[in-house]
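quick one, structure for this:
(one chain, ligands or ions: 1)
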Amino acid sequence: MHNRAACSKRWRWGRRGGALCVSACLLTTAALAQTLDVLHWWTSGSERRAADYLAQQLAAEGLEWQDAAIPGGAGTGAVKVLKSRTLAGKPPAVAQLIGPAINEWGRLGLLLELDTVARGEAWREQLFPTAWRLVQYRRHTLGVPLGIHRINTLFYNRRLFEELALPVPRNWGEFEQVARQLQARGIVPLAQSSEPWQVATLFETLVLGEGGPEYYREAFVQRSPRAYTDERMARALLRLRQLKRWMNPQERPWPELAQQVARREAGMLVMGDWAKAELNSLGLVTGEGFSCVPVPGTHDYHLYSIDTLVMFRGDGSRQSAQEKLARLLVQPAVQLGYNRLKGSVPVRRDLDPAALDVCARASWQAFARGPGMQAPSLVHRMASEEAFKDAVVAQIHRYFIDDQVNAAEVQRRLAALARALGTEGGGKHAQNPDR
Ligand code: BGC
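Below is the predicted model:
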């Protein structure tokens, strides 16, 4: 993605009267001054298309997006690379950093304040309050929210369901009926990977379904040990184990699950709506080839992950380019173009939801119902810091792969974790009084 757009050819007369073309040197200077390296984890087919779209928009503005994509769903590898690059004194100009981590990096003074851009573009008025608050630290704006993903999404192959006359499951009873029929026809009812973050993504959805947003926050944001010994946690664990009989879990990257649904090897998939974009990139149209409903028990709720880019402070030479990028990303047209390719919905509340597809519209409307209906994804870094998230993910994964591990034991371990790493222990991220 080279920044040719910024370099017009200019002719000027040399001493001997000959015309000299100075475009080459303009190109070099402009490219050097305006290149931003962007560290992120968007590497699947659809994620790439969404990132390329942003790169094209930037190129048209005279900026070059130098891609530093690190493979690994849910950013497992990217966050590690970001930490080591920063420790080595070579942070990128721009990075995908989401949730309370923005606060932590902000506290270290590493992030560029984008207050002028935010004020000039009226972000406070135009963004959903949850998206706005997420990028605030001590009254400064430290990030650019890009899109809101809904995690509690159940995808199903619509054509297959129509052919088999299967109802769309709205509760677990209906889900089981449908699953039985799919299984009887040799189709895996629910596509699922045994990758730790993917198991935990399903699990957090089940917790929301069993307990609703308030209970969910008690467990994953406030990290109350009591929430883990609660009956609702036991039910979510039991449901996770029961669902195993409808899956064929192997360790696979998430785009392969979308392929299984597209190829009718599997009938359904519970995943964040980045899977919608992947299904689209495989040629399936939303609402036709496949569709989506909220996972049973979570109908009115929105389990969210908000993709966000932050800018790293440097020697000041990149600042105007970084601000230009920040400004561009929140423009209504870019928001619509990007989110359509990424599967998420715009972070702006002033957009017309009629412009969105059927799944995106449902997501946008659920999110617009406000914080009471929203739950921040633990696994996708919206609820707590990395250490607590990783510890919970490890416990859930162990429980999922080994049927000998019983739910009560997991509950005890999780309660102990919450005591050790909970808010009383100093981890007050999602409730940060500094905000
Ligand atoms: C990110 C998405 C990404 C997904 C799969 C999530 O944590 O928010 O943007 O598509 O992981 O890698």
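
quick one: the residue in the stretch 251-400 of the chain that the ligand sits nearest to and G343, what's the gap?
Of all residues in the stretch 251-400 of the chain, W274 sits closest to the ligand, at 3.5 Å by C-beta to the nearest ligand atom. Heads up, the C-betas are built off the backbone N, CA and C, glycines and all. Separation of W274 from G343 (C-beta to C-beta, to the nearest Å): 5 Å.

shared neighbours of the two, anything?
When contacts are counted by C-beta atoms under 8 Å, 6 or more residues apart in numbering, W274 and G343 have 46, 149 as shared neighbours.

please list the residues of the stretch 151-300 of the chain that sit near the ligand.
W274 (C-beta under 6 Å from any ligand atom).

the stretch 201-350 of the chain: strands as residue ranges?
Shown for the stretch 201-350 of the chain, the strands assigned by DSSP state E, counting those that start in this stretch span residues 266-270, 290-294, 302-311.

could I get these as a markdown table with mean neighbour count?
What follows is the strands of the stretch 201-350 of the chain, written out as a markdown table (neighbours: other C-beta atoms under 10 Å):
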| stretch | mean neighbour count |
| --- | --- |
| strand 266-270 | 26 |
| strand 290-294 | 23 |
| strand 302-311 | 26 |
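
okay if I get the ones you listed as JSON lines plus mean pLDDT?
Below are the strands of the stretch 201-350 of the chain laid out as JSON lines (pLDDT from 0 to 100):
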{"stretch": "strand 266-270", "mean pLDDT": "98"}
{"stretch": "strand 290-294", "mean pLDDT": "98"}
{"stretch": "strand 302-311", "mean pLDDT": "98"}
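
okay, the ones you listed in CSV with distance to T116 next?
Converted to CSV, the strands of the stretch 201-350 of the chain look like this (distance: least, C-beta to C-beta, whole Å):
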stretch, distance to T116
strand 266-270, 41
strand 290-294, 39
strand 302-311, 12
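
related to what we said a few turns ago, the residue of the stretch 251-400 of the chain closest to the ligand touches S344, doesn't it?
Yes - W274 is within contact range of S344, at 7.2 Å (criterion: C-beta atoms under 8 Å).

okay, and the common contacts of those two?
Common neighbours of W274 and S344 (C-beta under 8 Å, 6+ apart) are H149.

and the residue of the stretch 251-400 of the chain closest to the ligand, what does it touch?
44, 46-47, 149, 254, 342-344.

could you identify the most distant pair in the residues you listed?
W254 and S344 (14.9 Å; C-beta to C-beta).

if we can go back for a sec, out of the contacts of W274, list just those in helices.
Counting by DSSP state H, the part of these found in helices is 46-47, 254, 342.

test my guess that P129 contacts F367.
No - the pair P129 / F367 is not scored as a contact, 10.7 Å apart, by C-beta under 8 Å.

one step back: and the pLDDT for the residue of the stretch 251-400 of the chain closest to the ligand?
Listed pLDDT for W274 reads 98.

try the one 3 residues further on
At A277, the predicted lDDT confidence score is 98.

please apply the same query to D434.
37.

repeat for G99
At G99, pLDDT is 89.

backbone dihedrals for it, please?
phi 70, psi -160 (degrees, to the nearest 10).

so it touches M382, yeah?
Yes - when contacts are counted by C-beta under 8 Å, G99 is listed as touching M382 (4.2 Å).

intersection of neighbour lists for those two?
Common neighbours of G99 and M382 (C-beta under 8 Å, 6+ apart) are 134, 305-306, 376, 430.

G147: what secondary structure?
strand (DSSP: H, G, I helix; E, B strand; the rest coil).

quick check: closest non-adjacent residue to it.
S344 (3.2 Å; C-beta to C-beta, 6 or more residues apart in numbering).

neighbours of that neighbour, just the number please.
28 (other C-beta atoms under 10 Å).

tell me if G89 really is in a strand.
No - going by three-state DSSP, the assignment for G89 is coil, not a strand.

pull up the gap between it and the ligand, please.
Counting by C-beta to the nearest ligand atom, to the nearest Å, the separation of G89 from the ligand is 27 Å.

neighbour count: G99 and M382, which is higher?
Using other C-beta under 10 Å as the criterion, G99 and M382 rank with M382 on top: 27 against 24.

need the residues that contact the one helix or strand A416 maps to.
A416 belongs to helix 407-421 when assigned by DSSP states H and E. For helix 407-421, the surrounding residues in contact (C-beta under 8 Å, 6+ apart) are 219, 223-229, 233-234, 237-238, 241, 387-388, 391-392, 395-396, 398-399, 425, 427.

pull out the buried positions in that helix.
Within helix 407-421, the residues scored as buried using 16 or more other C-beta atoms under 10 Å are 407, 410-411, 413-415, 417-418, 421.

quick check: mean pLDDT of that helix?
Rounded mean pLDDT across helix 407-421 is 96.

how far does it sit from the chain's center?
27 Å (C-alpha atoms, centre = their mean, to the nearest Å).

put the alpha carbons of that helix into PDB.
Extracted C-alpha coordinates of helix 407-421, given in PDB (Å, rounded to 0.1, in the frame of the first residue of the first chain):
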ATOM      1  CA  ALA A 407     -18.000 -28.200  38.200                       C
ATOM      2  CA  ALA A 408     -17.800 -27.700  41.900                       C
ATOM      3  CA  GLU A 409     -14.000 -27.900  41.800                       C
ATOM      4  CA  VAL A 410     -13.800 -25.300  39.000                       C
ATOM      5  CA  GLN A 411     -16.100 -23.000  40.900                       C
ATOM      6  CA  ARG A 412     -13.900 -23.300  44.000                       C
ATOM      7  CA  ARG A 413     -10.800 -22.500  41.900                       C
ATOM      8  CA  LEU A 414     -12.500 -19.600  40.200                       C
ATOM      9  CA  ALA A 415     -13.600 -18.100  43.500                       C
ATOM     10  CA  ALA A 416     -10.000 -18.400  44.700                       C
ATOM     11  CA  LEU A 417      -8.800 -16.600  41.600                       C
ATOM     12  CA  ALA A 418     -11.300 -13.900  42.200                       C
ATOM     13  CA  ARG A 419     -10.100 -13.500  45.800                       C
ATOM     14  CA  ALA A 420      -6.500 -13.300  44.700                       C
ATOM     15  CA  LEU A 421      -6.900 -11.100  41.700                       C
END
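
what backbone torsions are found at Q136?
phi -100, psi 130.

does it really touch T130, like I thought?
No - Q136 is beyond contact range of T130, at 11.1 Å (criterion: C-beta under 8 Å).

right, and L114 touches E323 too?
Yes - checked against C-beta under 8 Å, the pair L114 and E323 is within contact range at 6.7 Å.

tell me how this structure divides into domains.
34-150+306-355, 153-303+369-431 (automatic domain parsing).

lovely, talk soon.
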